[in-house]
Every structure is written in structure tokens, then in C-alpha cells.
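[1] Okay, sequence plus prediction incoming.
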Amino acid sequence: MRHTWRWFGPKDRVSIDDMLQAGVQGVVTALHHVPTGTVWSPQEIARRQAELSVMTDGAPSGLKWEVVESLPVSEAIKTQTGDWRGHVQNWITSMRHLKAAGIEVICYNFMPVLDWTRTDLAWRRPNGARCMRFDLIDFAAFDLHILQRKGAAEDFPEELRDEAGRRFAAMDETRRKELAGNVVFGLPGAAEHFTLEDVRALLDSYAPVTDAVLRRNFHDFLEQVVPVAQEIGVRLCCHPDDPPFPLLGLPRVMSTEADYAERMAAVDLPANGITLCSGSLGARPENNLPGMMERLGDRVHFLHLRNVRRDTDTAPCSFFEDEHLAGQTDMIALIAAVLREEARRRDAGRSDAVIPMRPDHGQDILDDIGRGGQPGYPAIGRLKGLAELRGVELALSHGARL
């Protein structure tokens, strides 16, 4: 695996120096300041490449921008409203500019409205570490009593509605504001940080977008962008829904193995690929991550390795971001499946035999606590995760039998 690290640009509290000392080999980043739907210019791409090429003291870092995460897909494209065709063309133009700059792997997602959802961004663990958590009762309290979404009551069973009502009544105003801010946090580092009014307006725009409509719109998008990616030598990799079940009355179309198989078949070209995120997919109990890697590995262009622990074996459910080797996904089996796929690719002579991986998320530990970094992206917590994942990879590569 190629060990990469997500970086949010010069304002990131985790520096280039930190990345180098963690032992990463490449950088995953994006132009978070560029408004969604507009073109990523060659100048802006080159500026980001230059920013990550030097250490704090000006010495060369030796690091390169190897994976884009994310080139955002606008809500207009997902709903096929407004200037959505122009947005698709801008997305293709940005893809061409990235390829011209030497960047060949582009991660994106097709999640409506919110790119990920948590109710706690710094949930305290018994050992004092902090992590992100999705609490279904808290989320229902937000949906029913803070957002007051039309039709929300129909999406929760009576027992859960009652419990959410009690939970909301017990919250003080500070916690209610914190919960609302956590849920609508949006994409970390992005220009868009949504207000409740923004969320309500976006939800209204999705009123005619059923599950079938969103799937059709996704296929339309793939039919336009994938052939270009195939032609110019770019690998596209769709990130799964996070969490992988419907929220806010919105459809989800990338939550299961069947969803991925359907999207890959829609435009059956190697460039149409997968970001296998073991944390997002692991929040749904029927998703067998080692099995998915075995069956879909030919199209896996990017790996997010993290672990979650579910409160129940149902979906939807509450869960928290566990340590990389401590959650309910068998990370050793998953890495073994990755190494087998890489061996198959080497035997086939593929140029992409080594799959880029990043240690996704991480718990805030030690000096991470109080550092004020991006939620889920601490320096030391991710370093710990990377060290653990690297250790498993090396052990398996040397034929160790555990």
C-alpha cells in the first residue's frame, strides 16, 4: 500500500513537517477554498503543489499531491437543476487540469446535502481520548426538535421518538447549539458550512429526488465523466455514504456492496472505481469489508482504513470512531485482502498495483486534545493508526501467521 495523509492546506494545524515525521509517502488534499461547481485552475493546482513541497524551514519535503479528496459534485448535479450541465463540464475541465499536473486519482462522493454526519465531534472515551460519534437518539432529537423537518416523525419508530424527546428536553441551550453545529458541519475544510436555514432549503430542493431519481442522476454523471477519465488516464473513486443509511429523508445510493456493483456496472470501465472506506461502510453490519475487497478489489483505487464500533447490529444505529485495530471490522483480514489484490495486479502487469491508503480519522490523544485541528484528523491519533496499519501490513508481507 502507498501510505498517504490527508492535508487541508496551509491552515491545517497538522503541518508538512508533522506528515514527514509520521512517515507518510504522499499527500491527499483538495482546493477546499474553490467554490463547488467552478473550475480548478492550473494556477490553483500548482499553488497547492508548491505549498506541500516545502517544510516549515523552506527545505524540500519530497512530498507530492497524489490523490484528490475531494473534487466536489455540486447539489445541482445531484438534483439536475440549475446550471448542472455547466457544473459537469467544469468538473471534467478540473479533472483534465489535475491530470496535466500529474495527479491521477480523484476521490468524490454523491451524498445529498451533507458529506458526513456526526452528533459528537469530541466524544470522551474512558481513557480520556476523544473521538467522533453518531448517536441515533441525538440525531433524532436534532431532526425532530431542532431542525423540525417536515415528515421527520415518519422516519423514526415511536419508541425512538419518545426517547429523542426526553433527550432533547434534558439538553441545555449550549448542548442544543453544539448538536446542531455538529450535524451540519459539512465537509471538513470546505467553503460550505451550513446553517439550519441552508439545510432546510437544500432539503426542499431534494423533494422530487427519490432514490430512483438520484441513482439515475448519478448514472448520467458517470456516463459523462468516466469515459473522459478513461481516455486521459485518471482513476475516479466514489466514497461511500457516511453513515451508510438514509438520514433527513434523503436517499442513499452508495451504502452497500450491491450499490457499488450497480454503479460500477452503470459505466463498466476501469476508471469508474471505488474508495473503499472501512469506517463508513463498517457502520452497516451486513457490509463485510474483507469480502468486499475480495469481490470488488479490481476497482478499488483508494483506501480509507479506519474502524467504528456499533452500539447495535441494526441499521440505522449509533456508533463511534474506534481505534484502527479495535473496532468491528477485521482490519487484519482486510489488509490481507488488499495485499492479495495488489499481488494480482502485479502479476497482471498493472501500473496501479500499489493502492494508495490513508489512515482515516483517528482519536484525539495526548497533545491532539485542545489543539483545535479538523475533527477526526488529529496528528498523533492518525500517526498511531498509521503505525498500527503499517505494522500489520509488514507482518503479513513477511508471511507472519497470526
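    Received it, and whenever you're ready, just let me know what you need. Residues are numbered from 1 along each chain as shown.
[2] Against which helices or strands is the lowest-mean-pLDDT helix or strand in the chain packed?
    Lowest on mean pLDDT, DSSP states H and E among the helices and strands of the chain sits helix 196-205, with a mean of 88. Using 3 or more Cβ pairs under 8 Å, 6 or more residues apart in numbering; DSSP states H and E, the elements in contact with helix 196-205 are helix 75-79. The C-beta positions use only the backbone N, C-alpha and C, and glycine is treated the same way.
[3] what's next to whichever helix or strand comes after the helix it packs on, contact-wise?
    Downstream of helix 75-79, the next assigned helix or strand under DSSP states H and E is helix 84-100. Contact with helix 84-100 is made by 37-42, 45, 68, 71, 73-74, 76-77, 104, 106, 221, 224-225, 228-229, 232-234, as judged by Cβ atoms under 8 Å, 6 or more residues apart in numbering.
[4] List the buried residues for helix 84-100?
    Buried positions in helix 84-100, judged by neighbour count with 16 or more other Cβ atoms under 10 Å: W84, H87, V88, N90, W91, I92, S94, M95, R96, H97, L98, K99.
[5] Kindly reformat the residues you listed as a markdown table containing distance to A169.
    Listed next are those as a markdown table, based on distance: Cβ to Cβ, whole Å:
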| residue | distance to A169 |
| --- | --- |
| W84 | 42 |
| H87 | 43 |
| V88 | 46 |
| N90 | 47 |
| W91 | 45 |
| I92 | 50 |
| S94 | 47 |
| M95 | 49 |
| R96 | 54 |
| H97 | 52 |
| L98 | 50 |
| K99 | 54 |
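[6] Closest one of these to R149?
    W84 (24.5 Å; Cβ to Cβ).
[7] and the gap between that closest one and M292?
    31 Å (Cβ to Cβ, to the nearest Å).
[8] Show the low-confidence segments of the stretch 101-250 of the chain, by residue range.
    186-193 (pLDDT under 70).
[9] residue ranges for the strands of it, please.
    105-108, 120-124, 130-134, 235-238 (DSSP state E, counting those that start in this stretch).
[10] how about the nearest residue to P246, chain neighbours excluded?
    Leaving aside its sequence neighbours, P246 sits nearest to R252 (Cβ to Cβ, 6 or more residues apart in numbering; 5.1 Å).
[11] quick one, phi psi at the one you found?
    Taking degrees, to the nearest 10, you get phi -130, psi 130 for the backbone angles of R252.
[12] residues near it, how many?
    21 (other Cβ atoms under 10 Å).
[13] Would you agree it is in contact with F218?
    No - using Cβ atoms under 8 Å, R252 makes no contact with F218, being 11.3 Å away.
[14] Quick check, Q328 in contact with D311.
    No - Q328 is not in contact with D311 according to Cβ under 8 Å; the separation is 10.8 Å.
[15] ok, back up a step: pick the most deeply packed of the strands of the stretch 101-250 of the chain.
    strand 235-238 (a mean of 26; mean count of other Cβ atoms under 10 Å).
[16] what about that strand, distance to the chain center?
    Taking Cα atoms, centre = their mean, to the nearest Å, one finds strand 235-238 lying 12 Å from the centre of the chain it belongs to.
[17] Can you show me the CA trace of that strand as CSV?
    C-alpha atoms of strand 235-238 as CSV (Å, rounded to 0.1, in the frame of the first residue of the first chain):
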residue,chain,number,x,y,z
ARG,A,235,-8.9,6.8,-11.8
LEU,A,236,-12.1,8.0,-10.2
CYS,A,237,-13.1,6.5,-6.9
CYS,A,238,-16.5,7.2,-5.2
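[18] strand partners of that strand, parallel vs antiparallel please.
    Neighbouring strands of strand 235-238 in its sheet, by DSSP bridges, are strand 105-108 (parallel), strand 272-277 (parallel).
[19] Can you dump the C-alpha atoms of the first one in CSV for me?
    Listed next in CSV are the C-alpha coordinates belonging to strand 105-108 (Å, rounded to 0.1, in the frame of the first residue of the first chain):
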residue,chain,number,x,y,z
VAL,A,105,-6.6,9.6,-8.6
ILE,A,106,-9.7,11.6,-7.8
CYS,A,107,-12.0,10.7,-4.8
TYR,A,108,-15.5,12.2,-4.8
